[in-house]
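Novice: quick one, fold the following:
(one chain, ligands or ions: 2)
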Amino acid sequence: MPKSLRIAVIGGDGTGPEVTAEAVKVLKAVAPLEGLAPELVHYDLGGARYLRTGEILPPAVVEELRRCDAIFLGAVGHPDVKPGILEKGLLLELRFQLDLYINLRPVKLYPGVETPLRDKGPADIDFVVVRENTEDMYCGAGGFLQKGTQSEVAVQTAIYTRKGCERCIRWAFDYTRRRNNPKKTLTLVAKTNVLTFGHDLWWRAFQDVAREFPDVKTDYNHVDACCMWMVKSPEAYDVIVTTNMFGDIITDLGAILQGGLGVAAGANMNPDTKVGMFEPMGGSAPKYTGKNAINPIAAIGAMGMLLEHTGHAAAAERVLKAIQHVTGTKMKSQAAGKMGYGTREVGNLVAGAL
Ligand code: IPM
Ligand code: MN
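Specialist: Ligands and ions are numbered 1, 2, ... in the order given. Here you go, the predicted structure:
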């Protein structure tokens with residue numbers, strides 16, 4: 001009997017639907033090879049619906065999404081909608097409402113892909129960032145006093161809880177153990193020399209949880225130093241665990257090391273409920289919309305992550321190998337419009353290489 005896999009698909013804005021179509025194409029091609037029976041439920045969410053109806057994320061939709069095995073999200077962000085509205089109302093809202101406390105961002109350089117780091121190759125750039133995804137400055141805690149006056153005060157609070165950091169740190173240790181890289185090292189990235197309350201809590205939680213994983217080596221970097229090391233010696237990293245805000249910043253640095261936003265994919269997961277949301281990092285790229293020019297590799301990579309984290313490791317491995325074949329032997333560049341192929345053709349190549 002084929003294994004069922006119910007996926008909610010949100011193409012979203014701009015080039016989101018185009019890259020999503022290629023990821024779905026690859027899913028449909030890998031399914032019969034691996035005995036999977038995916039069932040796709042499409043949701044019309046994003047800027048266009050918001051402009052039409054004023055709705056961003058109706059509560060009934062959230063309830064449906066909770067019952068899926070996974071969510072695939074193309075992109076959010078619409079040129080006619082003020083920045084922040086859709087990002088907060090859809091992406092961040094889903095992270096919070098579904099309590100997707102792990103944001104997993106692999107930084108992996110595929111063969112044939114250009115990195116801005118001279119003398120570094122696929123063997124050097126292969127680490128994973130585990131970013132806490134529900135706390136920190138993302139909570140929306142804060143406010144204004146005397147807004148708009150010369151005496152204005154703005155407060156934006158970073159909230160950290162023991163439960164919140166501990167569950168993320170514990171998952172990161174377990175993930176490092178399962179990844180089983182020869183380095184088997186989890187590096188905490190924070191700023192304990194300045195954030196002496198919140199990041200002290202992280203530090204203590206990290207030390208406590210480390211005792212449960214004697215086989216995993218530990219390290220610590222301040223976030224500013226981490227930015228230097230990521231560029232100078234990316235090969236030193238195996239898994240990084242970090243706070244939400246710092247994780248947001250260092251994962252864009254990571255994305256460019258692996259060839260840019262056309263390549264980088266991420267997962268938002270709740271390991272307890274097993275629901276996850278998988279997305280390419282590229283954004284909606286309005287200027288490339290409808291031109292068959294955007295790179296679908298990140299979206300296809302996100303579909304690979306979806307397969308891996310819903311328990312279909314062999315299918316995920318097959319997708320990864322196919323991507324590597326296509327970047328290594330076919331594509332001229334990972335930049336939109338310069339790939340040597342169109343969006344759909346890259347999707348066909350990956351599907352054909354499965
Ligand atoms: C990311 C993005 C989001 C974030 C934005 C779009 C709100 O940058 O997923 O990294 O800041 O988390
Ligand atoms: Mn980001």
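Novice: quick one, what contacts residue 194?
Specialist: Not one residue lies near residue 194 by Cβ atoms under 8 Å, 6 or more residues apart in numbering. (C-beta placed from N, C-alpha, C; glycine too.)
Novice: that one: what secondary structure?
Specialist: coil (DSSP: H, G, I helix; E, B strand; the rest coil).
Novice: show the pLDDT at the residue of the stretch 51-200 of the chain found nearest ligand 1.
Specialist: Closest residue of the stretch 51-200 of the chain to ligand 1, Cβ to the nearest ligand atom: residue 87 (3.9 Å). pLDDT recorded at residue 87 is 93.
Novice: list the contacts of the residue in the stretch 251-354 of the chain positioned nearest to ligand 1.
Specialist: When scored by Cβ to the nearest ligand atom, the stretch 251-354 of the chain has residue 251 as its residue closest to ligand 1, at 6.0 Å. Taking Cβ under 8 Å, 6+ apart, we find residue 251 in contact with 103, 105, 107, 129, 131, 264, 266, 281.
Novice: just those that are near ligand 1?
Specialist: Among the contacts of residue 251, none lies close to ligand 1 by the criterion of Cβ under 6 Å from any ligand atom.
Novice: among the residues you listed, name the buried ones.
Specialist: Among the contacts of residue 251, those buried by neighbour count (16 or more other Cβ atoms under 10 Å) are 103, 105, 107, 129, 131, 264, 266, 281.
Novice: what ranges does this protein have for its strands?
Specialist: Under the criterion DSSP state E, strands of the chain are mapped to 3-12, 36-42, 70-75, 102-108, 126-132, 142-145, 153-156, 185-190, 217-222, 239-242, 265-269, 276-280.
Novice: dump the ones you listed to a markdown table, plus distance to residue 288 and mean pLDDT.
Specialist: As requested, the strands of the chain are arranged in a markdown table below (distance: least, Cβ to Cβ, whole Å; pLDDT from 0 to 100):
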| stretch | distance to residue 288 | mean pLDDT |
| --- | --- | --- |
| strand 3-12 | 14 | 96 |
| strand 36-42 | 22 | 97 |
| strand 70-75 | 11 | 98 |
| strand 102-108 | 23 | 98 |
| strand 126-132 | 26 | 98 |
| strand 142-145 | 35 | 98 |
| strand 153-156 | 33 | 98 |
| strand 185-190 | 33 | 98 |
| strand 217-222 | 35 | 98 |
| strand 239-242 | 31 | 99 |
| strand 265-269 | 18 | 98 |
| strand 276-280 | 13 | 98 |
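Novice: in CSV, list those strands along with distance to residue 352.
Specialist: Output for those, formatted as CSV (distance: least, Cβ to Cβ, whole Å):
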stretch, distance to residue 352
strand 3-12, 22
strand 36-42, 18
strand 70-75, 21
strand 102-108, 22
strand 126-132, 26
strand 142-145, 50
strand 153-156, 49
strand 185-190, 38
strand 217-222, 41
strand 239-242, 33
strand 265-269, 20
strand 276-280, 20
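Novice: so which of the ones you listed is nearest residue 162?
Specialist: strand 126-132 (12.4 Å; Cβ to Cβ).
Novice: circling back to that earlier point, does the residue of the stretch 51-200 of the chain closest to ligand 1 really touch residue 76, like I thought?
Specialist: Yes - using Cβ atoms under 8 Å, residue 87 is in contact with residue 76, at 6.0 Å.
Novice: okay, buried residues for stretch 81-89 please.
Specialist: 81, 86, 89.
Novice: can you give the domain ranges for the protein?
Specialist: The chain is divided into the following domains under automatic domain parsing: 1-108+262-354, 116-257.
Novice: skipping its backbone neighbours, what lies nearest the closest residue to ligand 1 within the stretch 151-300 of the chain in space?
Specialist: In the stretch 151-300 of the chain, the residue that lies nearest ligand 1 is residue 248 (4.4 Å; Cβ to the nearest ligand atom). In space, and not counting its chain neighbours, residue 248 is closest to residue 131: 7.0 Å by Cβ to Cβ, 6 or more residues apart in numbering.
Novice: list the beta-bridge partners for the one you found.
Specialist: residue 103, residue 242 (DSSP bridges).
Novice: go ahead and confirm it touches residue 242.
Specialist: Yes - here residue 131 reaches residue 242: they are 5.8 Å apart, a contact under Cβ under 8 Å.
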